[in-house]
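Peer 1: I need the structure of the sequence given here:
(4 chains)
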4 protein chains.
Amino acid sequence: MAAPQFRQLRRVYGFDEVAIVPGDTTINPDQTNIDFKIEGFTFATPILASAMDAVTDVNFATLMSKLGGLAVLNLEGVQTRYDNPQEVLTEIAQASDAKVTLLLQKVYSQPIKENLVGERIQSIKKSGAVCAVSVTPANTKRLAPIAAEAKADIFVVQSTVTSARHISKSYRGLIFSELRPSMPMPIIVGNCVSYSACLELMRTGISGVLIGVGPGAACTTRQVLGVGVPQVTATMDCAAARDEYLRESGRYVPIITDGGIGNGGDLCKAFASGADAVMLGSILAQAKEAPGLGYHWGMANPHPALPRGTRIKVGTTGTLEQILFGPASVTDGSQNLVGALRTAMGICGVPTIQEMHRVEIVIAPAITTEGKSWQLLHPSH
Amino acid sequence: MAAPQFRQLRRVYGFDEVAIVPGDTTINPDQTNIDFKIEGFTFATPILASAMDAVTDVNFATLMSKLGGLAVLNLEGVQTRYDNPQEVLTEIAQASDAKVTLLLQKVYSQPIKENLVGERIQSIKKSGAVCAVSVTPANTKRLAPIAAEAKADIFVVQSTVTSARHISKSYRGLIFSELRPSMPMPIIVGNCVSYSACLELMRTGISGVLIGVGPGAACTTRQVLGVGVPQVTATMDCAAARDEYLRESGRYVPIITDGGIGNGGDLCKAFASGADAVMLGSILAQAKEAPGLGYHWGMANPHPALPRGTRIKVGTTGTLEQILFGPASVTDGSQNLVGALRTAMGICGVPTIQEMHRVEIVIAPAITTEGKSWQLLHPSH
Amino acid sequence: MAAPQFRQLRRVYGFDEVAIVPGDTTINPDQTNIDFKIEGFTFATPILASAMDAVTDVNFATLMSKLGGLAVLNLEGVQTRYDNPQEVLTEIAQASDAKVTLLLQKVYSQPIKENLVGERIQSIKKSGAVCAVSVTPANTKRLAPIAAEAKADIFVVQSTVTSARHISKSYRGLIFSELRPSMPMPIIVGNCVSYSACLELMRTGISGVLIGVGPGAACTTRQVLGVGVPQVTATMDCAAARDEYLRESGRYVPIITDGGIGNGGDLCKAFASGADAVMLGSILAQAKEAPGLGYHWGMANPHPALPRGTRIKVGTTGTLEQILFGPASVTDGSQNLVGALRTAMGICGVPTIQEMHRVEIVIAPAITTEGKSWQLLHPSH
Amino acid sequence: MAAPQFRQLRRVYGFDEVAIVPGDTTINPDQTNIDFKIEGFTFATPILASAMDAVTDVNFATLMSKLGGLAVLNLEGVQTRYDNPQEVLTEIAQASDAKVTLLLQKVYSQPIKENLVGERIQSIKKSGAVCAVSVTPANTKRLAPIAAEAKADIFVVQSTVTSARHISKSYRGLIFSELRPSMPMPIIVGNCVSYSACLELMRTGISGVLIGVGPGAACTTRQVLGVGVPQVTATMDCAAARDEYLRESGRYVPIITDGGIGNGGDLCKAFASGADAVMLGSILAQAKEAPGLGYHWGMANPHPALPRGTRIKVGTTGTLEQILFGPASVTDGSQNLVGALRTAMGICGVPTIQEMHRVEIVIAPAITTEGKSWQLLHPSH
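Peer 2: Predicted coordinates for the structure are as follows:
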């Protein structure tokens, strides 16, 4: 019989499968500019701290802002459910592996206290820091006005997958084109991973897009749901959407690669794939100042019916400043991330992030193993 | 010398190599319809329990039916060879690894008692459940009349590979086009993995096809015989056969992906590849109500001359209801499978299984490892 | 600057990367014909035992012949260097890992005794078995006349890589077209892995070709020299050479896939790739009757300056008859190889090896892992 | 919407992913010529020892030259910072894993003593050896005149990535076309990995190019920066640049594959990919005469802010002569590298390195695992 037309599947790539090709010219790392701009804000450090309870609390957000970056406080986590969140965080850190999922489900079943939402924002603002907060689409209508009133600087709407159009019978879905005019600050929305979904989100008028479904170190979405696109392709496709949207609208909407970045190499590859900034979770949870006390967990973990995350032990390896700017005391690429980015840009001969978007990336799975049998046989961690 | 024309090999894919791309729109999971229909029967839960002795006995079949799914009782297993199968199942569970193959060969060398065939079917029917039973092609002529007389609802003919035409000198092969008119109930046949083999089976008039050769957790067919096609491609190709057969005949013959599904992610990928339902073994053997007592083994394992299966310890992790509908107490995707399917469909913005068949799948081997070094270094099981 | 023309590399495949697709029809295994023919000899079992000291001695050759196959006695191993080889074999089996390479270098530095060459051949002949013996190209001129005089039935000239033309200043290279007329029996030559090298060998008039460079379980040629082609592609290419040679000469020269076959699945894939027979080493070294006493080593291992093999412990798992014909007491595919081949041919619906050469093979790396996480986490060996 | 044009990524390859195809003819290994020539110098052994402190000191350089190869002394390592480097090397070898990075950072923070630069060179020259020394681009202007005055024979300028044009505001970048006329000896520059970067370096008039970014056994550049190209593709592309430069200039500039070579197989593949010589680190650090005392570390390891290397334990396995020429006492390909190269060339039927550049290489990831389950389950190291 005649050969039927089978489905053609596209091959997509993650960080470990690619490498950056050095440039034909090189430049001094100290001559690189890595500013990240989003609607009037400029950050000297193009790194965001995840809206996760093991990473961002009021103190961490303050410190991150001082260091030129931006931390996002989750308005639906322990910080707004508990007057004394540190107590709960300690309990989570001390729970056994067997009991932690149940504990997290219990901890996050407590109601969000609206007064705490305002308080946390004001504490960050009082320190002089730029204050970014996040909510899920389902809670946006309720929490957005409180955040606006407390004068949060940047508003993030984030769920595993957020689309421009959500269909629901029981309630009227969140319409970003309606939310936008009602909020006085930049709005970042996420997460998405495809060209078309990203483009549709940008067309709603929002200010930035988070890229990534399931790559987080503590996330098991890909195992539980089978859904996701690895970060290199996701970032490239969404960067193509950003460029297309720029052509059609004249407006540049930055994309932020969120999740899956475990070392400086991954971070550099995210920028080379087209990211304007990156959002980090587990790598920042290793900071001395992180509220997770050496542990990290996904915000989809406490889901009462379908938990999609695990608590992982990341340890505490250094100060946030060391993680961002060094000097690194380790050689695995988890410290001095900014130094790594500038060095890679120097090696590629590109003075700006915009030019970093156009360096050559090759598919090179051998990159992680070639010549490394000694290291692989005697791993340091 | 001139370059010769070498054989071209097609690349085929399994669950771990692909991922589902989220949609441009999303919908609420509770607005999805996941009904599975086969010749007059409608199942609210598109999940079948394998015709394996560690999974399906009379009680399990009854419970599965109550929960909206369908369990298939193997008419050639311990349930029809022993008056008291539980005794034998306990013995299997307690055997050492070294002795279990020999024990299984002995256990399954006992003859099938025809009176038990009828009794087991009637016990299931009496409970009000839909009763499905399975036989091998070689025993079909002998056991089909008994199953029909006992009023089994659905009849399954299953072997490692079943084709529309089996050539044998010693006996006249089973002709499905002749079997069909003699049986009053739907007939499901399997297993197959290719477009052409599936299409030929459908043309014999049967009601459904099982897809999968060798992916079962306890199966070593691929190692012993080298035969098989990974489940994503197998399902896609057979879905193409189903669609072609629908075009030529106007009749929709559902396909059921059988084997290799270890978590919700795999299950969602099976539907996205084109499955109308899935058949699960090891994942259901983990249910408290499963007869395998925390163990699982292949029905090709006890083969006297060429055993092709291993007994594996799967443990007991929760009730069948929890495995199907949650709430999940684990985060590895092995519980709340229906919730996972509905959530994935919501993320893809598709309200029906038919539309789920058309979501984008990408080749994404990185999906299982990207960002997961912490989990890989400290696996939970 | 203009993009230069870089080298294009061809992708080649090994056993673990491919799978056999079941047929649209199936046949009873007992209706398959698996005869292997080579210049007047017909073997009911298309399996050769390697010319390796851990596999073939006089007794093993006799038994293999009785079981329908063919064992090749190495005329440059311990059997012809020692009057009492069993003593030496025991010493090798008892040596520690640290000292075994040195011991092997010493053992094989003893001279070959020409009288033993004749004696061993006569012992095999006396038992009524078909007697095959092997020499290296360098020793062919010296040992071929002795083998001919002792009336060996089949003569094998084998080295890591043997080509139709070997260039040497110090001695006149072996010319197969000159050797052929001087020897009264079939000559098998190897090893080679490419279309052109195989075709050139066939054109010298020899009777069969061994396929495979470096895949042997105890061989480290690929690590030491970087040379080799995985067996699926090597077999396919050499099968293409065989077919081309048949077209140009009318003579069918069988090819024998030698090495890398670790279970029935690999064996079936070799035939599906085009092999007329297979040569097995480590899998037969597991026989109770094998002289290696549960150990196995490469014949390139004892090389005084550049050893390219390791001694491996394979254990003793059953009788040779069980390994070839079952009943299998294990489920990993290392026993009942003939049953596995017939079953796979039945599943593919092909009654002869010639038709087995044309079944569909797919590239399916997932085949070894899909659904097998339980087995991978708790491997049986 | 219309499908956008996404970025196309090129697939690149490392040693473990490829294999060399044997030739249609073969030649005797002792008839191969493996000379390496660079601007008037001819080396009988085409192997360079890395400019790394664990590999090359004065004695090692002397011995390497006697054995026909070339060792490069790093003018910025412990040999020129300490009057008694052996003391420091012992301290490094004895440091714990936890403290070694800090120790290395301290050790290498000592200033380079210019008098030692001259002394070390003279010691090597006095022994009659060919003396090669290396500096980084940043120190070239300062150290080049001293090296020239001390009559070093070959001058190497090496950093992780060195380009023909380095852009710096703070100092005037090193211009190779200006350096060249001022130095009386051949200049080797590196490292680079791409066609265009290599071609531009050659056009500056330098004498040889080092190929490889990040493959070194002790190097973590790829993890820290994400930058690099695996060695097979890097060598092939730079060989294409060499051939192009030969066409345009008539001058043959040899390329030296540096890093990632862990055994004879890798070494042979480097030559088959187009290398004129190879530079070895960890494999030579295993020599009894190596100054690293069984340890090895990267020269980017001691970086004060962004260390990109780890100290690895390689052990001491034999003399340098054994590693280069055998007899090998091990079977893993780490000894008798020259014998391996000549044997592989014999198998490929190529009498010269130039012809070795044109043998067929195939993409064959199976090469490292096919048939090797016994070895993989019971690795020797």
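Peer 1: closest residue of chain A to chain D?
Peer 2: Of all residues in chain A, A:Ala366 sits closest to chain D, at 2.8 Å by C-beta to the nearest C-beta. C-beta here means a position set from N, CA and C on the backbone, and glycine is covered the same way.
Peer 1: surely that residue meets D:Pro230?
Peer 2: Yes. With contacts counted by C-beta atoms under 8 Å, A:Ala366 reaches D:Pro230, the gap being 4.0 Å.
Peer 1: find residues that contact each of the two.
Peer 2: Both A:Ala366 and D:Pro230 are in contact with D:12-15, D:17, where contact means C-beta atoms under 8 Å, 6 or more residues apart in numbering or on different chains.
Peer 1: any idea which element A:Ala93 lies in?
Peer 2: helix A:85-94 (DSSP states H and E).
Peer 1: now do the contacts for A:Ile38.
Peer 2: A:Ile38 touches A:154, A:186, A:188, A:207-208, A:254, A:276-277, counting by C-beta under 8 Å, 6+ apart.
Peer 1: just put those in a markdown table and tack on distance to B:Val133.
Peer 2: Shown next, in a markdown table, are the contacts of A:Ile38 (distance: C-beta to C-beta, whole Å):
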| residue | distance to B:Val133 |
| --- | --- |
| A:Ile154 | 61 |
| A:Pro186 | 62 |
| A:Ile188 | 56 |
| A:Ser207 | 60 |
| A:Gly208 | 58 |
| A:Pro254 | 60 |
| A:Asp276 | 60 |
| A:Ala277 | 59 |
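Peer 1: so which pair among those is furthest apart in space?
Peer 2: The two members of the contacts of A:Ile38 with the most space between them (C-beta to C-beta) are A:Ile154 and A:Asp276, at 14.1 Å.
Peer 1: who's more crowded, those two?
Peer 2: Between A:Ile154 and A:Asp276, counted using other C-beta atoms under 10 Å in any protein chain shown, A:Asp276 has the larger neighbour count: 25 against 22.
Peer 1: what sits closest to the more buried one if chain neighbours are left out?
Peer 2: In space, and not counting its chain neighbours, A:Asp276 is closest to A:Pro254: 3.6 Å by C-beta to C-beta, 6 or more residues apart in numbering or on different chains.
Peer 1: same deal with A:Thr204?
Peer 2: In space, A:Thr204 is closest to A:Phe176, 3.7 Å off (C-beta to C-beta, 6+ apart).
Peer 1: what's around A:Ser96, how many residues?
Peer 2: Neighbours of A:Ser96 (other C-beta under 10 Å): 7.
Peer 1: hmm, I was thinking of A:Ala164
Peer 2: Neighbours of A:Ala164 using other C-beta under 10 Å come to 24.
Peer 1: that one reaches A:Thr204, doesn't it?
Peer 2: Yes. Counting by C-beta under 8 Å, A:Thr204 is a contact partner of A:Ala164 at 5.4 Å.
Peer 1: shared neighbours of those two, anything?
Peer 2: Going by C-beta under 8 Å, 6+ apart, residues that sit against A:Ala164 and also against A:Thr204 are A:Phe176.
Peer 1: which bits of the stretch 251-381 of chain A sit near chain B?
Peer 2: Within the stretch 251-381 of chain A, the positions adjacent to chain B are A:259-262, A:282, A:296, A:301, A:304-310, A:312-314, A:381 by C-beta under 8 Å from any C-beta of the partner chain.
Peer 1: repeat that with 6 Å
Peer 2: Taking C-beta under 6 Å from any C-beta of the partner chain as the criterion, the stretch 251-381 of chain A approaches chain B at residues A:260, A:262, A:304-307, A:309-310, A:312.
Peer 1: what would the residues you listed look like in TSV with pLDDT and secondary structure?
Peer 2: Output for those, formatted as TSV (pLDDT from 0 to 100; DSSP: H, G, I helix; E, B strand; the rest coil):
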residue	pLDDT	secondary structure
A:Gly260	95	coil
A:Gly262	94	coil
A:Pro304	82	coil
A:Ala305	85	coil
A:Leu306	87	coil
A:Pro307	85	coil
A:Gly309	81	strand
A:Thr310	82	coil
A:Ile312	92	strand
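Peer 1: which one of the residues you listed sits closest to chain B?
Peer 2: Among these, A:Gly260 lies closest to chain B (C-beta to the nearest C-beta), at 3.4 Å.
Peer 1: for the residue nearest to the closest one when sequence neighbours are not counted, helix, strand, or coil?
Peer 2: Excluding the flanking residues, the one nearest A:Gly260 by C-beta to C-beta, 6+ apart is A:Pro215, at 2.9 Å. Here A:Pro215 is recorded as coil under DSSP: H, G, I helix; E, B strand; the rest coil.
Peer 1: and A:Pro215, what's its pLDDT?
Peer 2: We have a pLDDT of 89 for A:Pro215.
Peer 1: helices of the stretch 151-300 of chain A, residue ranges please.
Peer 2: Listed in chain order, the helices found in the stretch 151-300 of chain A under DSSP state H, counting those that start in this stretch are A:176-182, A:195-203, A:221-225, A:231-249, A:264-273, A:282-285.
Peer 1: quick check: which of these is nearest to C:Thr220?
Peer 2: Among these, the nearest to C:Thr220 by C-beta to C-beta is helix A:264-273 (32.1 Å).
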